[in-house]
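Asker: Give me a 3D structure for the following:
(chains A and B)
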2 protein chains.
Amino acid sequence: MSDLRAEAEALDGKDELAAKREEFVLDETVYLDGNSLGALPANVPGRLAEVMTHEWGELRIRSWSESGWWTAPERIGDRIAPLVGAAPGQIVVGDSTSVNVFKAVVAAVRIARDPGNPSGGRDEIVVDATTFPTDGYIAESAARLTGCRLIPVAPGDVPGVLGDRTAAVLLNHADYRTGRLHDLPGLTAAVHAAGAPVVWDLCHTAGALPVGLDEHGVDLAVGCTYKYLNGGPGSPAYLYVREALQPRFDSPLPGWNSHAEPFGMRAEFEAADGALRGRVGTPDILSMLALEASLDAWDGVSIDAVRAKSLALTDFFLRCVGAYVPTGRVESLTPAAHAERGSQVALRCEGAGDVMRRLIEQGVVGDFRAPDVLRFGFTPLYVSFGDAERAARILARTLA
Amino acid sequence: MSDLRAEAEALDGKDELAAKREEFVLDETVYLDGNSLGALPANVPGRLAEVMTHEWGELRIRSWSESGWWTAPERIGDRIAPLVGAAPGQIVVGDSTSVNVFKAVVAAVRIARDPGNPSGGRDEIVVDATTFPTDGYIAESAARLTGCRLIPVAPGDVPGVLGDRTAAVLLNHADYRTGRLHDLPGLTAAVHAAGAPVVWDLCHTAGALPVGLDEHGVDLAVGCTYKYLNGGPGSPAYLYVREALQPRFDSPLPGWNSHAEPFGMRAEFEAADGALRGRVGTPDILSMLALEASLDAWDGVSIDAVRAKSLALTDFFLRCVGAYVPTGRVESLTPAAHAERGSQVALRCEGAGDVMRRLIEQGVVGDFRAPDVLRFGFTPLYVSFGDAERAARILARTLA
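Answerer: Model (predicted):
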């Protein structure tokens, strides 16, 4: 056995999260694509069978009240809250990430322009130019509908473009391609210094590392639940609205679920109090309750322990790659500094699309991002150090 | 046995859709709330178990291509299409009805203002004042974001307010309270005569009667799938965009799923061709594939036969109510004329909230709409004439 294989075994032996792997359906595959679709938590099929056969099949309409369907968006939001450093009452689950980005950015512009805000003339939306594209497309639509100009810049350049025309800033916590973690506390403070609200997209960090939404004074945040949170394919996204801003959260999608009295069926809209303002239409119950069940995997898990293991895993994988892969065949795009690293490793590699196909054929599943990136996600709840070593070894063999 | 019970038995014996009932999970309850949440189709739990354990659990990320997840929104849209009189390629499934109303109304305004359209200065959105409230709230938001004024009027008064300032009209095909069916062909023609596009909300008619979207030249339509289509609690809604208008459909929610090249991850948005423009973010696969399975119940079913049974059921129920319930205790709000009737019966009744609670205790499930309406929905696929007679009989006993 190589030294690194022995080291992997020792690290797995000491891993306090190792037992969590049993709570997921996994096989001999080395699954390093949990940053795209998290693995199936073993309890989900049973729970969803009960939802279908008992709650829908037998109770039917009564389940909206008796089975707690109606309150699922805020109840599940409160379960996600501790994972992203939020006190209860600030997160609702529902809709896709794109739709939540739209709500958040339009609402942010309206907050910036609030009559109570002394700075007027705010007409610029700053967006992370390196972001997952949907955020940019939606921000552009929000800009068009609110009479703003879109300013796409790299996150590091954000402070330089902020000013009294800034209406909102939309940033990704981690770059989906390189895995680079951006400076959420510092950038949030910079946006606030310019008198504007900031929207953070947590798709690539929630469930992988501490986010600290409340602690860092984040105004609005969105994220998906199917990556590190393992909620299932296309499971509903969430929206965080800081408690202090909730009275001023003015949604561009004021569906009946965000009404103060949804069953009053009143012709006039009156927004509900609190995070409920972020709801829109009837929640998608099957997907939502699958997500709720999937969150059981977080019971008793400290997000700090998750972060420690995530960094140990990516460090160890990079060491194995360095040891096994011939020099010059791959180049890591993922920052070496822990403070700048998410929970994935991105390797630039010639012919990356073909290399990833061959890795998948050999049971190592990551993904390919055009034009030349191999992306490996490390989900601390179920990826082992043995997985990391094996992935690097098979990568080296594939490139040999 | 009363004459009406004998008649119900005879009608059930001749019912060509009677065997469909076996495809749903039902018990001794008389379920007349399928216009709020359709009953569970018996094949759904098995299909969704396979999606969870095999497609998500074993194939994981590969299912986006190998299990057809990625193309589900348009594939399922094409299965709904014949039920609403649409040729393929015009419907996508996803998001809630409210979100789809937003897409449709904003897109309609943009179509009305298209540079190719000779009439400028269109700044009025006409909305059905009797509509399910969410449509009005969302239309108001669309008006605010597009610089329009909202004009709420009863559907019958729509022609009188149309003109060269009309930018879009949003109408419900059936009134959710009374069950009144509006004149889709006539109102569509009137809106077109004013040079504007019309958006129809089909929540209360799709799956209950022929809609004829293509035949009547409807521009845009939306609808939920959890009422007469039995897709499950909060199952995804759909959006119809008439083929000829698709090149001009300019979505206010241009998520990455509506991009011409979604995996190109390009910073610039370029809309896909066709109905795909109505997609937004990652589709909610569990709910979506439950819906897809639920649509199997429509195999071999003619929507004309459904309509014929629906009218026969509501006629028969009204006759039983007339025969059993003491005069003056209830008043039907549902039009007697077939051309003006959807697939529900609404009875005004003193103390309706309490009456409905007592009906439910006795196994007759309808719903209550404030302030004084008992609402009974008749889903032709699984409601029998025996159900209708029994519901009227228990209603009479409850009011006695």
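Asker: and the next element down the chain from the longest helix anywhere in chain A?
Answerer: Determined from DSSP state H, the single longest helix within chain A is helix A:303-324. Downstream of helix A:303-324, the next assigned helix or strand under DSSP states H and E is strand A:330-332.
Asker: now for that following strand, which elements pack on it?
Answerer: When contacts are defined as 3 or more C-beta pairs under 8 Å, 6 or more residues apart in numbering or on different chains; DSSP states H and E, strand A:330-332 sits against helix A:303-324, strand A:344-349. From N, CA and C alone the C-beta is placed, and that goes for glycine too.
Asker: from those, which stretch is densest packed?
Answerer: Across those, the average number of neighbours (mean count of other C-beta atoms under 10 Å in any protein chain shown) peaks for strand A:344-349, which reaches a mean of 24.
Asker: Not counting its neighbours along the chain, what's nearest whichever residue of the stretch 201-350 of chain A sits closest to chain B?
Answerer: Among all residues of the stretch 201-350 of chain A, A:Gly281 sits closest to chain B, at 2.9 Å; criterion: C-beta to the nearest C-beta. Closest residue to A:Gly281 apart from its sequence neighbours, by C-beta to C-beta, 6 or more residues apart in numbering or on different chains: B:Ser96 at 2.9 Å.
Asker: Contact residues of the stretch 51-200 of chain A facing chain B?
Answerer: Residues of the stretch 51-200 of chain A found near chain B (C-beta under 8 Å from any C-beta of the partner chain) are A:52-53, A:56-58, A:60-64, A:69, A:95-99, A:102, A:106, A:129, A:132-134, A:136-138, A:140-141, A:145-146, A:152, A:177.
Asker: Show me which of these are buried.
Answerer: A:52, A:56-57, A:60-61, A:63-64, A:69, A:95-99, A:102, A:106, A:132-134, A:136-138, A:140-141, A:145-146, A:152, A:177 (16 or more other C-beta atoms under 10 Å in any protein chain shown).
Asker: Send over stretch A:181-201 as PDB, restricted to the C-alpha atoms.
Answerer: Extracted in PDB, the C-alpha atoms of stretch A:181-201 (Å, rounded to 0.1, in the frame of the first residue of the first chain):
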ATOM      1  CA  LEU A 181     -14.300  31.500  -1.900                       C
ATOM      2  CA  HIS A 182     -15.000  35.200  -1.800                       C
ATOM      3  CA  ASP A 183     -14.700  37.500   1.200                       C
ATOM      4  CA  LEU A 184     -18.300  37.700   2.400                       C
ATOM      5  CA  PRO A 185     -17.600  39.800   5.500                       C
ATOM      6  CA  GLY A 186     -15.300  42.300   3.800                       C
ATOM      7  CA  LEU A 187     -17.400  42.700   0.600                       C
ATOM      8  CA  THR A 188     -20.600  43.000   2.700                       C
ATOM      9  CA  ALA A 189     -19.100  45.800   4.700                       C
ATOM     10  CA  ALA A 190     -17.900  47.500   1.600                       C
ATOM     11  CA  VAL A 191     -21.400  47.500   0.100                       C
ATOM     12  CA  HIS A 192     -22.900  48.700   3.300                       C
ATOM     13  CA  ALA A 193     -20.400  51.600   3.400                       C
ATOM     14  CA  ALA A 194     -21.800  52.600   0.000                       C
ATOM     15  CA  GLY A 195     -25.300  52.600   1.500                       C
ATOM     16  CA  ALA A 196     -26.600  49.700  -0.600                       C
ATOM     17  CA  PRO A 197     -27.800  46.200   0.300                       C
ATOM     18  CA  VAL A 198     -26.000  43.100  -0.800                       C
ATOM     19  CA  VAL A 199     -27.400  39.800  -2.100                       C
ATOM     20  CA  TRP A 200     -25.300  36.700  -1.600                       C
ATOM     21  CA  ASP A 201     -25.800  33.500  -3.600                       C
END
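Asker: Can you mark which positions in it are buried?
Answerer: Buried residues in stretch A:181-201, counted by 16+ other C-beta under 10 Å: A:181-184, A:187-188, A:190-192, A:194-201.
Asker: Narrow these to those in helices?
Answerer: Using DSSP H, the buried residues of stretch A:181-201 in helices are A:184, A:187-188, A:190-192.
Asker: Check those residues and tell me the two furthest apart.
Answerer: Using C-beta to C-beta, the two most remote members of these are A:Leu184 and A:His192, lying 12.2 Å apart.
Asker: quick one on the thing from earlier: which residues touch the longest helix of chain A?
Answerer: Outside helix A:303-324, the residues within contact range by C-beta atoms under 8 Å, 6 or more residues apart in numbering or on different chains are A:4, A:7-8, A:11, A:15-17, A:82-83, A:207-210, A:330, A:332, A:334, A:336, A:338, A:341, A:343-345, A:347, A:376, A:378, A:380-381, A:383, A:385, A:388-389, A:391-393, A:395-396.
Asker: switch to 6 Å and redo it
Answerer: By C-beta atoms under 6 Å, 6 or more residues apart in numbering or on different chains, the residues outside helix A:303-324 that reach it are A:4, A:17, A:83, A:208-210, A:338, A:343, A:345, A:378, A:380, A:385, A:388-389, A:392-393, A:396.
Asker: repeat for stretch A:357-366
Answerer: A:29-33, A:374-376, A:391, A:394, A:398.
Asker: what about 10 Å?
Answerer: A:27-37, A:344-347, A:351-352, A:355-356, A:367-368, A:373-377, A:387, A:390-395, A:397-399, B:60-62 (C-beta atoms under 10 Å, 6 or more residues apart in numbering or on different chains).
Asker: from the residues you listed, which would you call buried?
Answerer: Buried by 16+ other C-beta under 10 Å: A:29-37, A:344-347, A:352, A:355-356, A:367-368, A:373-377, A:387, A:390-395, A:398-399, B:60-61, out of the contacts of stretch A:357-366.
Asker: Chain neighbours aside, what residue packs nearest to A:Leu291?
Answerer: Leaving aside its chain neighbours, A:Leu291 sits nearest to A:Gly231 (3.6 Å; criterion: C-beta to C-beta, 6+ apart).
Asker: helices or strands up against the helix or strand bottoming out on mean pLDDT in chain A?
Answerer: Scoring the helices and strands of chain A by mean pLDDT, DSSP states H and E places strand A:367-369 at the bottom, with a mean of 92. Packing partners of strand A:367-369 (3 or more C-beta pairs under 10 Å, 6 or more residues apart in numbering or on different chains; DSSP states H and E): strand A:344-349, helix A:352-361, strand A:373-377.
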